[in-house]
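Novice: 3D model of this:
(2 chains)
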There are 2 protein chains.
Amino acid sequence: MPSPQLAVIGGGQLARMMQQAAIGLGIHIRLLAEAPDVSAAQVVPDHVVGDYTNLDTLRSVVAEAPVVTFDHEHVPPEHLRALQAEGHACRPGPHALLFAQDKAAMRQRLGALGVPCPRNAAISTRADLDQFGYPAVVKTTRGGYDGKGVWVVHTAADADEAFASGRVLLAEELVDFRRELSALVVRSPSGEMASYPVVESRQANGVCAEVVAPAPGLDPTLDAAARGIAERLAAELDVTGILAVELFETADGRLLVNELAMRPHNTGHWTIDGARTSQFENHLRAVLDLPLGPTGARAPWSVMVNILGGSVADLEAQRASVLAVEPDIKIHLYGKPVKAGRKVGHVTAYGDDLDIVTARARRAAAMFTDGAPQS
Amino acid sequence: MPSPQLAVIGGGQLARMMQQAAIGLGIHIRLLAEAPDVSAAQVVPDHVVGDYTNLDTLRSVVAEAPVVTFDHEHVPPEHLRALQAEGHACRPGPHALLFAQDKAAMRQRLGALGVPCPRNAAISTRADLDQFGYPAVVKTTRGGYDGKGVWVVHTAADADEAFASGRVLLAEELVDFRRELSALVVRSPSGEMASYPVVESRQANGVCAEVVAPAPGLDPTLDAAARGIAERLAAELDVTGILAVELFETADGRLLVNELAMRPHNTGHWTIDGARTSQFENHLRAVLDLPLGPTGARAPWSVMVNILGGSVADLEAQRASVLAVEPDIKIHLYGKPVKAGRKVGHVTAYGDDLDIVTARARRAAAMFTDGAPQS
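Specialist: A predicted model of the protein is given here:
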């Protein structure tokens, strides 16, 4: 076995899709997987099963790898600093990851940079929340994802669960938004950057449900502004690899930053089939300080729809039915057991007609969730 | 570990690229690899190391897999018949593979079908060759590939090595061809078929060097004829999966079948980046009897150039230089040690201008072979 060029911490679908790109580029990945059968462990032969919060486990995984990157943002920063001190390049590094891990730190830093954000305040008590005012969005500063750790509160009572969580909380303005956008940028340690077309992200129950690339009808000024924010943040925060900036496009035509992620992102999955270089390939190229690939779209429209767990228990058995109805759909299954509402895969369609492309992707995803083709 | 849906016999680059497609489709592959570190074993966790000529080894690999397919055509047919008798679907089956394994059987069958071939004759003695006439191409009926087992003979003495080989030989007319073409078709057990655009294949020293898709300036009548031959052969020979038909386009505008291959083929590698469905994905879909994907090109031109081993010993270290010159090239490295002239990877470029696309692909491949960018 050749020695690994890259250690990837975390065995979810993002690491799995990194491996697809790594195979082509000839990059040998060593993986730290949470369990023997997780998504990426199924496709990365050189993997260690262990706990990413254990420093000695991390050391054993990265031992021969000069560079370390991540499937998620949850590795303790003190461990990353230890690995850095021992000569490993952590990309992104803990000083950048902080702003994807801690929403209060992110809001503070973005405020200092003058990047437009929803009005926000750290809250410790109900009095703080009352003072902030209603309606508001209350979030845990750490560990929330896919709608977890987020509460929309119209009255003090709506915040009971939030305060009962015992977590550090942040209150944010409930933004009157027209839609959600996502701006992806990739950045190398050398400072090279490339930004993907800005996409529209459509959520259902706090989870990304579908992504349209590019965002339909987006004002070119807003497109440039969104890319500019993403590029500026990548540089200011010294991000290496993919930075995803989720934005609100407000009813009155402004952009406000909602969230940051420093890894390949669900709103970039369309790039596998729809862009000249996928976000996964560019993430690998960035963290290994290889020149970046072009980020343009290959088709006028690409639509990605997540496959959420539903009544179909055996996704593999369902493939034939889906492909019979949609032979031109690009299927991405994650090898994860089906649980209600869980992201277990995605599909992408591309083409010239947005309505047709959207219908095809939705139909295929619905068949993986609920069996029958959507009429 | 979930149980395998597909056993793949042989651990070369074709199996490696099948795995890339399998990851997306969620197909669990079990691999029989010739050695622990061969190309596909590096990327397929569930692999057995062993000898594909040993029936018990084959049995252990396919034990839980309902379907078996191949990286190469060298598995003994009697073993495949044994596996079939034990309930495994071999795709393609030994009755079809015979015509990719034995050139004499292939010529006989194609002759019986009336498919145009170079004039040919089985030869046992020098007298047979003298009677066939000169110039001629003398081939071993089995085991030749990439120019090995093939001799162009202008006089009786040129055939010394061929006769010394002790192999069964075939003599064929030395065709006055304008160029070589390749027609790829994919076929399911249910009989569904789809054919890829016919490509031009350019050889150097008997090895495929580059492929242009589609074949530039190909007469639409010849395009249809080539696809028709491939589809007819796939059906008549009952091929499952990819069938590659290599053809001569003669100086006087006819098509003659040169070789057959029943697996993903070097002349189809462009489809990974250049077609709506790659030959690897469609091979998997075919052998698992899933509906096939569309085979159309995604760009006006795609050019694939093989990376042959040369003075560059460390391909991974060379990536940065190649990508600095050609950031939009799609790289496919096979994880094989570099040996002079050995296929160790390929690159693909696509776009609107054939000259530019060709130059880009050649430049990238040359840098992987010899280091310096081709001027």
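
Novice: List the contacts of the residue positioned nearest the centre of chain A.
Specialist: Residue closest to the average C-alpha location in chain A (C-alpha atoms, centre = their mean): residue A:265, at 2.5 Å. Contacts for residue A:265 (C-beta atoms under 8 Å, 6 or more residues apart in numbering or on different chains) come out as A:182, A:184, A:242, A:244, A:279. Yep, even glycine has a C-beta here, placed from its N, CA and C like the rest.

Novice: do the same with residue A:233
Specialist: Counted by C-beta under 8 Å, 6+ apart, residue A:233 has contacts A:110, A:113, A:115, A:185, A:239, A:243, A:245, A:257, A:260.

Novice: Poorly predicted segments of chain A, please.
Specialist: A:1-2, A:144-146, A:373-375 (pLDDT under 70).

Novice: Would you list the phi and psi of the residue in the stretch 151-300 of chain A positioned nearest to chain B?
Specialist: Per C-beta to the nearest C-beta, residue A:291 is where the stretch 151-300 of chain A lies closest to chain B, at 4.1 Å. Per-residue torsions, residue A:291: phi -60, psi 140 (degrees, to the nearest 10).

Novice: ok, now residue A:363?
Specialist: phi -60, psi -50.

Novice: Kindly tell me how buried it is, as a neighbour count.
Specialist: 19 (other C-beta atoms under 10 Å in any protein chain shown).

Novice: you'd agree it is up against residue A:324?
Specialist: No. Using C-beta atoms under 8 Å, residue A:363 is not in contact with residue A:324; the gap is 11.7 Å.

Novice: secondary structure class for the residue lying farthest from the centre of chain A?
Specialist: In chain A, the residue that sits farthest from the middle, by C-alpha atoms, centre = their mean, is residue A:127; the gap is 33.8 Å. On the three-state scheme (DSSP: H, G, I helix; E, B strand; the rest coil), residue A:127 is labelled helix.

Novice: how close does it get to residue B:365?
Specialist: 68 Å (C-beta to C-beta, to the nearest Å).

Novice: do residue A:14 as well
Specialist: For residue A:14, the distance to residue B:365 - C-beta to C-beta - is 31 Å.

Novice: Skip the chain neighbours and tell me the closest residue to the closest residue to chain B within the stretch 1-150 of chain A.
Specialist: Going by C-beta to the nearest C-beta, chain B is nearest to residue A:26 of the stretch 1-150 of chain A, at 2.9 Å. Residue nearest to residue A:26 in three dimensions, not counting chain neighbours: residue B:333, with 2.9 Å by C-beta to C-beta, 6 or more residues apart in numbering or on different chains.

Novice: Domain-wise, how is chain A divided?
Specialist: Here the domain assignment for chain A is A:6-90, A:119-173, A:177-370, based on automatic domain parsing.

Novice: and these as TSV, adding distance to residue B:222?
Specialist: TSV is the format used below for the domains of chain A (distance: least, C-beta to C-beta, whole Å):
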stretch	distance to residue B:222
domain A:6-90	33
domain A:119-173	54
domain A:177-370	27
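
Novice: Which strand residues bridge residue A:182?
Specialist: Residue A:182 has these beta-bridge partners by DSSP bridges: residue A:199, residue A:246.
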